[in-house]
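Asker: give me coordinates for this.
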Amino acid sequence: MKKSGGLILVTAVLMALVMSVSGCAVKSQTGVDHTEEASASERIQIGVTFDSFINERWLRDRDVFVSRARELGADVNVQNANGDVKEQIDQIGYFIDKKVDVIMIVAVDSASLGDVVKKAHDHNIRVISYDRLVTDSGTDLYVSFDNEAVGKLMANSIIDSLPHGGRILKITGPEKDHNVSLVNEGFDKRIRGHQISIVDDFAAPFWKSEEAYDYLNAHEEDMRGVQAIMCGNDALAGGVIQFLAENRMAGHVIVTGQDADLDACQRIAEGTQAMTVYKPIEELAGKAAECAVKIAKGEEIEDSLTISDGTYDVPYVRLEPQSVNRDNLDSVIIDSGFHMREDVYLHMER
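Answerer: Sure thing, here's the model as predicted:
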């Protein structure tokens with residue numbers, strides 16, 4: 001009987017130990033889950049709304065921004081407005097409802113977002129204008145390249161190629177894009193006094209290459225005697241060069257662009273596009289991500305300038321663009337890793 005009683009006692013003690021250990025395991029697991037949930041909820045939340053992804057460069061901006069923000073401990077929700085300002089306003093409203101810490105905007109229409117930016121501010125959400133300044137709204141920060149300098153670089157290429165002046169066309173982006181006015185301002189200032197006559201100035205509504213192509217097809221008479229075409233970006237330059245190629249004029253008319261898209265760099269290598277403006281997207285998008293995290297934490301942005309949005313002076317982080325032509329295509333584009341050599345020279349005879 002004593003032996004049986006001892007066995008029962010040992011068994012009871014073992015069962016108690018097992019239950020105690022099991023209880024600790026459950027508690028420990030539960031504790032880990034709560035910690036992870038708390039950690040996730042404490043991460044900075046950033047909402048980003050893009051105009052569209054029609055242009056190659058915006059995909060690169062998106063990927064670099066998201067990657068860098070995550071490295072810095074932030075979660076990013078990216079939305080695409082597909083060129084629809086109402087959709088973009090709805091997306092910003094969605095971010096406000098989600099109570100994100102920062103909203104970054106690549107504006108569809110720079111002049112139409114003032115009310116929704118104010119609503120974000122009323123909810124203590126900071127707002128960044130990315131690459132395109134949202135006007136009359138007092139966003140907390142503007143991160144972009146020097147857009148007047150972009151226009152000057154385009155003008156320099158045309159002036160160098162037409163030392164005695166000449167007739168040119170301008171095919172730019174939509175007037176609702178504030179950057180277009182800045183690029184035009186820089187371009188127009190630079191060509192003054194160089195006997196350059198602007199035959200026509202067309203604003204493509206959606207930055208699409210086919211808009212430039214269709215415009216030239218409908219205005220062939222304007223091409224008579226035109227020696228250069230200033231294109232607001234590389235997509236528009238692509239439509240222009242398609243038209244020129246079909247009319248056996250490619251390589252005989254100076255064409256400028258912007259963004260250093262791969263196909264533009266290929267055309268520069270082939271001699272059908274004179275230049276593009278390179279804007280190191282990794283630097284811009286990475287800097288924007290760093291600034292977004294800083295302002296979410298309430299930290300100051302060092303070394304910022306200011307720019308007027310028409311009503312308010314907005315802190316401005318400005319980066320410098322660079323002109324790219326056949327002479328420096330390799331050193332700027334390929335050596336930096338922006339595009340691969342085999343891709344840039346894909347269509348060239350080896």
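
Asker: could you find the closest non-adjacent residue to E300?
Answerer: K294 (7.5 Å; C-beta to C-beta, 6 or more residues apart in numbering). Yep, even glycine has a C-beta here, placed from its N, CA and C like the rest.

Asker: all strands for the stretch 51-200 of the chain, in order.
Answerer: Using DSSP state E, counting those that start in this stretch, the strands of the stretch 51-200 of the chain run over 74-80, 102-105, 126-130, 141-145, 166-172, 196-203.

Asker: run a quick check on Y213 versus A237, I expect a contact.
Answerer: No. Under the contact definition of C-beta atoms under 8 Å, Y213 does not touch A237, with a separation of 10.8 Å.

Asker: who has more neighbours out of those two?
Answerer: More crowded of Y213 and A237, by other C-beta atoms under 10 Å: A237, with 31 against 20.

Asker: check the secondary structure at N217 for me.
Answerer: When states are read from DSSP: H, G, I helix; E, B strand; the rest coil, the local structure at N217 comes out as helix.

Asker: OK, contacts around it?
Answerer: In this structure, N217 makes contact with F243, judged by C-beta atoms under 8 Å, 6 or more residues apart in numbering.

Asker: shouldn't S197 be in contact with G165?
Answerer: Yes. When contacts are counted by C-beta under 8 Å, S197 is listed as touching G165 (7.4 Å).

Asker: who has more neighbours, the two?
Answerer: For S197 versus G165, the count of surrounding residues by other C-beta under 10 Å is larger for G165: 15 against 12.

Asker: where does the residue nearest to that one when sequence neighbours are not counted land on pLDDT?
Answerer: Ranked by C-beta to C-beta, 6+ apart and with sequence neighbours excluded, the top spatial neighbour of G165 is Q195, at 2.7 Å. The model reports Q195 with a pLDDT of 97.

Asker: burial count for Q195?
Answerer: For Q195, using other C-beta under 10 Å, the count is 11.

Asker: residues contacting it?
Answerer: Neighbour list for Q195: 164-166 [criterion: C-beta under 8 Å, 6+ apart].

Asker: list the contacts for N179?
Answerer: Residues in contact with N179 (C-beta under 8 Å, 6+ apart) are 131-133, 144, 147, 173.

Asker: what about the residues you listed, which are in helices?
Answerer: Counted as lying in helices by DSSP state H, out of these, are N147.

Asker: just the contacts of N179 now: which is nearest A269?
Answerer: Checking the contacts of N179 against A269 by C-beta to C-beta gives G173 as the nearest, at 24.9 Å.

Asker: need the pLDDT of the closest one.
Answerer: The predicted structure scores G173 at 96 on the pLDDT scale.

Asker: for I46, same thing?
Answerer: In this prediction, I46 carries a pLDDT score of 98.

Asker: that one and I295 touch, don't they?
Answerer: No. Contact between I46 and I295 fails when scored by C-beta under 8 Å: they sit 10.2 Å apart.

Asker: got any residues that touch both of the two?
Answerer: For the pair I46 and I295, residues contacting each of them under the criterion C-beta under 8 Å, 6+ apart are V102.

Asker: residues contacting the nearest residue to S144 once chain neighbours are set aside?
Answerer: Once flanking residues are discounted, S144 sits nearest to D131: 4.8 Å by C-beta to C-beta, 6+ apart. By C-beta under 8 Å, 6+ apart, the residues touching D131 are 61, 106, 143-145, 179, 284.
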